[in-house]
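Asks: Predicted model follows, preceded by the sequence.
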Amino acid sequence: MFEIKYRDAIGRIGLLEAREKRIETPALLPVVNPRIQRITPREIADIGYEGLITNAYIIHRDENLRRRALEEGLHEMLGYDGLVMTDSGSYQLYGYGDVNVDPLDIVEFQDTIGSDIGVILDIPTPPDRNHDKTEKDLSETIRRAKASSELPRKMLLAGTAQGGLHLDLREKAARELARLSFDLYPIGGVVPLMENYRFTDLVKVVMACKKHLPLNKPIHLFGCGHPMMFALACAMGCDIFDSAAYSLYAKNDRYITPSGTWRLRELRELPCSCKVCSSYTPKELYKSGGEKETLLATHNLYASLREIKRVKQSIHEGSLLELVERRSRGHPYLLDALRIFFRAPLLDKFNPLTKRSAFFYSGCESLLRPEIIRHHSRLKRLKTEGRTMVLVPETMKPFSKALGINGSKEHQVTVLSKVFGIIPIDVEDVYPLNQHEAPLSPHGCQKRFMARMAREYSSNFKRTLLHSSLKGLRVKGDYFDDISELDLVEDLPSKAMAMADYQFGEGAGELIFKDIKIEKSRTGRLRRAICGSELIAVFRASDGFIIPTIRGAERLLKMPFPDNRVTIANDVVEFVEEGRSAFAKFVKACDPMIRPYQEVILVDKNDGLLGTGRALLSGPEMLAFDRGVAVKTRHHI
């Protein structure tokens, strides 16, 4: 029903199937009023939308529409053969306080008229409603959800998480709904937050729900229809959006852009090349009479879809967080929300270990990104006891080439970095340490960050030597003027061991690279690890990742179970042994610390080696999904 194809941050590009319809997520579903259609569903499809959402309650209450929907079917009535999702009337309940329909009847009606995705009739909660009233409404929503989930149906069914701004109730809603057999999980009651620019509250609500909602089901953020929010919402793990914003803004002569909304009469140029903006000047568009609203709504649809495509491309190339930072700088309150999001523990759990795109520093908020937090955590795996830290200023990359030293047994040569604080040259080749860009002159927040990291890290060593240019750091140690004065002895196995500890866990380096020979490439980077005539591992040039062969994996298996392992069901052991990919539904156990794109070991139930490969899902996702590839097999026995 739903499977992941690409991912970045907590966001993912996925495939969602519903009643033989298939759409790619992230997806925006424009709201279509079944009574009034200034832009028809067919025209929406021609723009490029794969699905839309309409209101089943309006159809149910309108005698003519109800008759047509029951006789012709929903798709025929709308003149649209793409995916159609229907709302149950919760929007009317929120706006008018009451709807005249039974919660179970409206679910059955949605299924009967052929909706591809239906929604339960939940109780929407305004953000600032008190805890007692919100909890009472939530209890009713959960009661309806349980009853609705048990109804026989052909359509997919969405169970909406409510709870206002009370995060304990949001978490309760997510936990309770996760136990039920829903196919999608919308997060509701957030439109007022977006309308009033309460983006920090929005992030808190989404992350509270996301913490407990099923990993293998799409998350729908109800009412999110402005392009300025798409990048952040996708990065938080939301897969589907819907909104009537394109039409509502058009009624008020408002022109949508990815960074905000402009009044049409104030525009001198139309900063877009859609078919509307290519055919009109702002003045002509403003004076286009009865066509103006339709034309402006059409542009708004184009602008919204363009941003969805931009987000997808960013996920594909691994630059989603850079896009989020750029978009967040379009509004001060979005920047506040970004800081909250970057501190969310979930972000590190799902953000891939390696990406196609380099890490671009764009401001102080970048220092909160999961890549930096993860780097500092993994530094604890490196051996420091009894060693001397040699701290030097940042040079041109690769640092080892500029410094003339490529790993040392007695010393750890460490570069003071504007982005990561400190980078030991033992692990300089590992992504993103080997692929990051920042302004040449550090900002004040970077200088403070660098000094703090240097002080904290140096405390782990028996002695610290600092280049004389770093006296302002207030780090205890002795100073030198030229690194050549120190007579450092290069030791490639020490560097290889540090890389293995950094990648696989403390102690991995000693297991894999003890008594081996390390070969370098022409550029001076580590290339291969050999024991006698056997290849143990290669060092991937693009991101510095160690790719163990079967012989290397045999050594790595000596680490405690379940470190770096994925256990495969007996039914498919022979297929994995032959090199076929391991699908999620056949994963029986795994290391919960596995991150997307990590190199892992495939084993049987007795911890017998089957092969190695690249994880496409995190450890928890492997156990949650029943569709799609979990590990792409690289080497097999």
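Replies: On my side now, so go ahead. Numbering: from 1, shown residues only.
Asks: Do you know the pLDDT at residue 95?
Replies: What the model reports for residue 95 is a pLDDT of 60.
Asks: Same question for the one 5 residues further on.
Replies: Note on residue 100: pLDDT of 82.
Asks: Could you check how far the residue nearest to it when sequence neighbours are not counted is from residue 103?
Replies: Leaving aside its sequence neighbours, residue 100 sits nearest to residue 61 (Cβ to Cβ, 6 or more residues apart in numbering; 7.4 Å). (C-beta placed from N, C-alpha, C; glycine too.) Remark: distance between residue 61 and residue 103 (Cβ to Cβ, to the nearest Å) = 15 Å.
Asks: And residue 531, by the same measure?
Replies: Distance from residue 531 to residue 103, by Cβ to Cβ: 67 Å.
Asks: Give me the more crowded residue out of these two.
Replies: Set side by side, residue 531 and residue 103 give different neighbour counts by other Cβ atoms under 10 Å, the larger being at residue 103 (20 against 17).
Asks: hang on, isn't that one packed against residue 142?
Replies: No. Between residue 103 and residue 142 no contact is recorded; they are 11.9 Å apart, counting by Cβ atoms under 8 Å.
Asks: Could you name every residue contacting both of the two?
Replies: When contacts are counted by Cβ atoms under 8 Å, 6 or more residues apart in numbering, residue 103 and residue 142 have no shared neighbour.
Asks: burial of residue 273, as a residue count?
Replies: When counting by other Cβ under 10 Å, one arrives at 10 neighbours for residue 273.
Asks: ok, it - contacts?
Replies: Neighbour list for residue 273: empty [criterion: Cβ under 8 Å, 6+ apart].
Asks: Also residue 472?
Replies: Residue 472 is in contact with residue 451, counting by Cβ under 8 Å, 6+ apart.
Asks: give me phi/psi at it?
Replies: As for residue 472, its main-chain torsions (degrees, to the nearest 10) stand at phi -80, psi 0.
Asks: pLDDT at it, what is it?
Replies: The predicted local confidence for residue 472 comes out at a pLDDT of 86.
Asks: Check residue 588 too.
Replies: The predicted local confidence for residue 588 is 97.
Asks: Check which residues of the helix or strand where it lies are buried.
Replies: In the assignment (DSSP states H and E), residue 588 maps to strand 587-590. Buried residues in strand 587-590, defined by neighbour count with 16 or more other Cβ atoms under 10 Å: 587, 589-590.
Asks: now do stretch 27-37
Replies: Applying a neighbour-count criterion of 16+ other Cβ under 10 Å, one finds 27-32, 34, 37 buried in stretch 27-37.
Asks: got the residues you listed as JSON lines, with distance to residue 512, secondary structure and pLDDT columns?
Replies: Written out in JSON lines, the entries for the buried residues of stretch 27-37 read as follows (distance: Cβ to Cβ, whole Å; DSSP: H, G, I helix; E, B strand; the rest coil; pLDDT from 0 to 100):
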{"residue": "27", "distance to residue 512": "43", "secondary structure": "strand", "pLDDT": "98"}
{"residue": "28", "distance to residue 512": "47", "secondary structure": "strand", "pLDDT": "98"}
{"residue": "29", "distance to residue 512": "49", "secondary structure": "strand", "pLDDT": "97"}
{"residue": "30", "distance to residue 512": "53", "secondary structure": "strand", "pLDDT": "97"}
{"residue": "31", "distance to residue 512": "55", "secondary structure": "strand", "pLDDT": "96"}
{"residue": "32", "distance to residue 512": "58", "secondary structure": "strand", "pLDDT": "95"}
{"residue": "34", "distance to residue 512": "63", "secondary structure": "coil", "pLDDT": "91"}
{"residue": "37", "distance to residue 512": "63", "secondary structure": "coil", "pLDDT": "81"}
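Asks: And these, which is closest to residue 362?
Replies: residue 28 (25.8 Å; Cβ to Cβ).
Asks: Please name the spatially closest residue to that closest one (chain neighbours excluded).
Replies: The spatial neighbour of residue 28 that comes closest, neighbours along the chain excluded (Cβ to Cβ, 6+ apart), is residue 241 at 4.8 Å.
Asks: quick check, that neighbour in a strand?
Replies: Yes. Counting by DSSP: H, G, I helix; E, B strand; the rest coil, residue 241 is part of a strand.
Asks: Could you pull up the residues touching it?
Replies: Applying Cβ under 8 Å, 6+ apart to residue 241 gives the contacts 26-29, 220-221, 224-225, 230, 233.
Asks: Those in strands, which ones?
Replies: 27-29, 220-221 (DSSP state E).
Asks: per the record, what domains does the protein have?
Replies: Per the record's domain assignment (automatic domain parsing), the chain is made up of the domains 2-320+330-341, 359-486, 521-636.
Asks: Would you work out how far apart the start and end of the second one are?
Replies: Domain 359-486 has an end-to-end distance of 33 Å (Cα to Cα, to the nearest Å).
Asks: Could you check how far that domain is from the centre of its chain?
Replies: What separates the centre of domain 359-486 from the centre of its chain is 28 Å, taken as Cα atoms, centre = their mean, to the nearest Å.
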